[in-house]
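Peer 1: Below is the sequence, then the predicted model.
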Amino acid sequence: QVQLVESGGGLVQPGGSLRLSCAASGSIFTIYAITWYRQVPGKQRESVASITSGGNTNSADSVKGRFTISRDNAKNTVYLQMNSLKPEDTAVYYCSAAISRPGIVGVEYYWGQGTQVTVSS
């Protein structure tokens, strides 16, 4: 099996920074794209930023210039550096990864449990 574990959330003042981590473990052959999502109660989950296995990145307009996604393939970990945080960034942040496992044909999608980010003074 595969597990994704997010960490790094917390309470931060407006203008502050946080770095989220998403660590994958288990029976993994290849990790393809990894995406960070966020969700506010009562609203749809939205994509924040994504990164491919080759390091190509994409991010939502609302976070461009403030959030940076990166990955450490040796550690099977993806990071989301969040700077200049705003109250509207408050949400539960989830990571999702497309992963192939040894001996299993095809790609499977896994989700972490989420980590709360609260931006408030």
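Peer 2: Looks like it arrived, so ask away.
Peer 1: I'd assumed Ala74 was in a helix, is it?
Peer 2: Yes. With DSSP: H, G, I helix; E, B strand; the rest coil as the criterion, Ala74 is assigned to a helix.
Peer 1: Can you tell me how far the residue with the largest distance to the centre of the chain is from Phe29?
Peer 2: For the chain, the residue at maximal distance from the C-alpha centroid (CA atoms, centre = their mean) is Gly103, at 26.6 Å. Using CB to CB, to the nearest Å, Gly103 is found at 8 Å from Phe29. Quick note: C-beta positions are derived from backbone N, CA and C, even for glycine.
Peer 1: and if you look at Pro14?
Peer 2: From Pro14 to Phe29 the distance is 42 Å (CB to CB).
Peer 1: Who's the closest spatial neighbour of the spatially most central residue of the chain, skipping the chain neighbours?
Peer 2: In the chain, the C-alpha nearest the mean C-alpha coordinate belongs to Trp36, at 3.0 Å (CA atoms, centre = their mean). Distance criterion CB to CB, 6 or more residues apart in numbering; nearest residue to Trp36, sequence neighbours excluded, is Val48 at 4.4 Å.
Peer 1: Now whichever strand or helix holds that neighbour: buried residues?
Peer 2: Element membership for Val48 (DSSP states H and E) is strand 46-51. Of the residues in strand 46-51, those buried by neighbour count under the rule 16 or more other CB atoms under 10 Å are 48-51.
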